[in-house]
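**Q** give me a 3D structure for the following:
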Amino acid sequence: MPRPSPPPGSTREILGAFLALGLSSFGGPIAHVGYMREAFVRRRGWLDEAAFAQLLAVCQFLPGPASSQLGFGIGLLRGGWRGALLAFLAFTLPSALLMFALAALAPRLDGDAGRALLHGLALVAVAVVAHGVVGMARQLAPDLPRALIAAGAAAAVLSAGGAWVQLAAIAIGALAGRALCRGAAVPRSVAFAVPLGARGAAACLGLFALLLVGALLWQDTGPDATGMAAAFYRAGALVFGGGHVVLPLLQQSVVEPGWVGQDAFLAGYGAAQAVPGPMFSLAAYLGALVPLDQPAPLGAALAVAAVFLPGFLLLLAVLPAWGRLAARPGAAGAMAGVNAAVVGLLAAALYDPVWTHGIRGPLDLAVAAAGFLALASGRVPALAVVAGCVAAATLAGPPG
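**A** Numbers count the residues shown, from 1 in each chain. Take a look at the predicted model:
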């Protein structure tokens with residue numbers, strides 16, 4: 001039987017709760033889960049522990065930004081469609097505005113001090129992605145079969161990049177996981193009462209698939225609004241693991257076509273570590289920098305909408321049928337293989353472009369290593385790591 005619907009929340013209640021998180025939730029997706037559990041299970045009682053755990057399991061099972069999907073789902077269960085939209089906007093808007101402000105300042109960072117600042121942010125990216133690779137490998141590729149899946153995915157992407165190769169690596173990872181990861185834990189399933197029936201869920205799934213096919217088949221002829229929307233939708237639809245894993249997909253979407261420079265891209269990624277809220281808000285920065293024939297705020301808004309949309313469509317499609325899907329034979333093994341392939345994608349991104357464009361000498365290596373060790377200690381806030389790397393790069397002067 002579906003869980004009883006929680007009592008509806010007011011606009012002010014939902015907006016206030018998620019805006020507080022959007023302004024204060026530093027630390028990335030894993031930390032966001034802790035913030036949301038504290039806010040909505042322990043303090044407000046909107047969900048019980050079992051419902052929260054199952055909603056989190058759904059979001060981790062699907063591609064997309066897991067913490068944002070979790071917030072969207074909580075808003076949906078609490079306040080229906082209005083609650084879901086308010087939760088997304090309130091949680092995302094603070095970081096998106098900060099990233100847009102960075103894009104507006106980017107043209108003024110051409111001097112030595114500006115180039116040193118951008119290089120410091122690139123070193124932040126090295127430390128953060130390396131920390132993400134190590135942490136994800138321990139959790140998602142802890143044994144030989146999954147380590148081999150991760151290594152194969154990394155090798156495939158490094159030898160022949162592109163969205164199709166990344167998609168193929170994820171698909172092969174799922175097949176390999178079904179065969180090699182039969183012992184993966186199967187999550188206990190539960191049904192959710194959501195404001196759409198089977199037809200609504202099928203419509204969301206069909207729209208997701210239609211837009212993904214269009215995005216994959218779209219031929220990039222230049223930086224126009226349709227091409228950019230396709231690129232960001234493609235990235236959002238193929239991101240398993242969320243957070244840092246969006247890096248290789250966005251890099252392939254906006255840097256390889258020449259829409260955004262590599263240094264500017266890495267600087268934005270580094271800056272995204274210093275703001276609260278979802279990592280996917282990097283899209284606001286990139287969308288503002290892509291040279292479209294329209295105002296920068298519209299480009300930023302289009303990029304943000306396109307990168308978040310596929311994850312939300314999938315969540316809406318899967319929530320009503322989650323109990324049946326999770327119980328299917330091989331589902332847990334396939335997901336274990338997908339997660340291992342994701343580790344490989346992120347490891348490939350750590351090498352190229354993060355390492356190859358960030359590390360330009362022994363001093364850079366020392367700064368990035370110090371940032372990595374600070375993050376690994378668990379005692380240094382991400383914001384302090386950003387400040388330290390930027391300060392060290394600024395003192396050393398602009399890269400040669």
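
**Q** how many other residues sit next to A300?
**A** Residues lying near A300 (other C-beta atoms under 10 Å) number 25. (Each C-beta comes from the backbone N, C-alpha and C, glycine too.)

**Q** what about it, which SS state?
**A** helix (DSSP: H, G, I helix; E, B strand; the rest coil).

**Q** same check on P257?
**A** What three-state DSSP gives for P257 is coil.

**Q** hang on, it packs against D220?
**A** Yes - using C-beta atoms under 8 Å, P257 makes contact with D220 at a distance of 5.2 Å.

**Q** joint contacts of the two?
**A** A231 (C-beta atoms under 8 Å, 6 or more residues apart in numbering).

**Q** in the longest helix along the chain, what's buried?
**A** For the chain, the helix with the greatest residue count under DSSP state H is helix 66-105. Using 16 or more other C-beta atoms under 10 Å as the test for burial, helix 66-105 gives 66-80, 82-88, 90-100, 102-103.

**Q** stretch 47-56 too?
**A** L47, A51, F52, Q54, L55, L56.

**Q** tell me which element the last one is part of?
**A** Counting by DSSP states H and E, the element that carries L56 is helix 49-61.

**Q** please report how far M228 lies from M279.
**A** 19 Å (C-beta to C-beta, to the nearest Å).

**Q** likewise A169?
**A** From A169 to M279 the distance is 21 Å (C-beta to C-beta).

**Q** quick one: A376 and G132 touch, right?
**A** No - applying C-beta under 8 Å as the test, A376 and G132 come out as separate, 10.9 Å apart.

**Q** after the host helix or strand of L148, which helix or strand is next?
**A** Using DSSP H and E, L148 sits within helix 144-159. For helix 144-159, the succeeding helix or strand toward the C-terminus, using DSSP H and E, is helix 163-180.

**Q** put the alpha carbons of that following helix into PDB.
**A** This file holds the C-alpha atoms of helix 163-180, laid out as PDB (Å, rounded to 0.1, in the frame of the first residue of the first chain):
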ATOM      1  CA  ALA A 163      28.800  11.700 -25.100                       C
ATOM      2  CA  TRP A 164      28.200   8.400 -26.900                       C
ATOM      3  CA  VAL A 165      31.300   6.800 -25.400                       C
ATOM      4  CA  GLN A 166      30.300   7.900 -21.900                       C
ATOM      5  CA  LEU A 167      26.800   6.600 -22.400                       C
ATOM      6  CA  ALA A 168      28.200   3.300 -23.800                       C
ATOM      7  CA  ALA A 169      30.600   3.000 -20.700                       C
ATOM      8  CA  ILE A 170      27.600   3.400 -18.400                       C
ATOM      9  CA  ALA A 171      25.500   0.800 -20.300                       C
ATOM     10  CA  ILE A 172      28.300  -1.700 -20.400                       C
ATOM     11  CA  GLY A 173      28.900  -1.100 -16.700                       C
ATOM     12  CA  ALA A 174      25.200  -2.000 -16.100                       C
ATOM     13  CA  LEU A 175      25.500  -5.300 -18.100                       C
ATOM     14  CA  ALA A 176      28.800  -6.200 -16.400                       C
ATOM     15  CA  GLY A 177      27.300  -5.400 -13.000                       C
ATOM     16  CA  ARG A 178      24.400  -7.800 -13.600                       C
ATOM     17  CA  ALA A 179      26.900 -10.500 -14.400                       C
ATOM     18  CA  LEU A 180      29.600  -9.800 -11.800                       C
END
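
**Q** now do it: distance to the chain's middle.
**A** 19 Å (C-alpha atoms, centre = their mean, to the nearest Å).

**Q** pull out the buried positions in it.
**A** Within helix 163-180, the residues scored as buried using 16+ other C-beta under 10 Å are 163, 165-170, 172-174, 176-178, 180.

**Q** any idea which of those is closest to M136?
**A** Nearest to M136 among the buried residues of helix 163-180: G173, at 13.4 Å, using C-beta to C-beta.

**Q** that closest one: what's it in contact with?
**A** G173 is in contact with I149, A153, G337, V338, N339, A340, A341, V342, G344, counting by C-beta under 8 Å, 6+ apart.

**Q** ok, for it, nearest residue in space, not its chain neighbours?
**A** Nearest residue to G173, sequence neighbours excluded (C-beta to C-beta, 6 or more residues apart in numbering): A341, at 2.9 Å.

**Q** now the one you found: how far from A331?
**A** 16 Å.

**Q** more neighbours: the two, which one.
**A** The neighbour comparison of A341 against A331 (other C-beta under 10 Å) goes to A341, with 32 against 19.

**Q** go through whichever helix or strand comes after the longest helix of the chain and flag the buried ones.
**A** Downstream of helix 66-105, the next assigned helix or strand under DSSP H and E is helix 112-140. For helix 112-140, burial by neighbour count (16+ other C-beta under 10 Å) applies to 114-134, 136-137, 140.

**Q** equivalent analysis for stretch 300-320, please.
**A** Quick answer for stretch 300-320 (16+ other C-beta under 10 Å): 300-304, 306-320.

**Q** any idea how far R42 is from H32?
**A** Separation of H32 from R42 (C-beta to C-beta) stands at 15 Å.

**Q** neighbour-wise, which of those two wins?
**A** Higher neighbour count among H32 and R42: H32, with 26 against 10, using other C-beta under 10 Å.

**Q** send me the one helix or strand the residue nearest to G173 maps to as CSV with only the CA atoms.
**A** Element membership for A341, per DSSP H and E: helix 331-349. Output in CSV follows, covering the C-alpha atoms of helix 331-349 (Å, rounded to 0.1, in the frame of the first residue of the first chain):
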residue,chain,number,x,y,z
ALA,A,331,18.5,-4.4,-10.5
ALA,A,332,21.0,-4.1,-7.6
GLY,A,333,23.8,-5.7,-9.6
ALA,A,334,23.2,-3.4,-12.6
MET,A,335,23.2,-0.3,-10.4
ALA,A,336,26.5,-1.5,-8.8
GLY,A,337,28.0,-1.8,-12.2
VAL,A,338,26.8,1.7,-13.3
ASN,A,339,28.2,3.2,-10.1
ALA,A,340,31.6,1.6,-10.8
ALA,A,341,31.6,2.9,-14.3
VAL,A,342,30.9,6.4,-12.9
VAL,A,343,34.0,6.1,-10.8
GLY,A,344,35.9,5.5,-14.1
LEU,A,345,34.4,8.5,-15.8
LEU,A,346,35.4,10.7,-12.9
ALA,A,347,38.9,9.3,-12.8
ALA,A,348,39.3,10.0,-16.5
ALA,A,349,38.1,13.6,-15.9
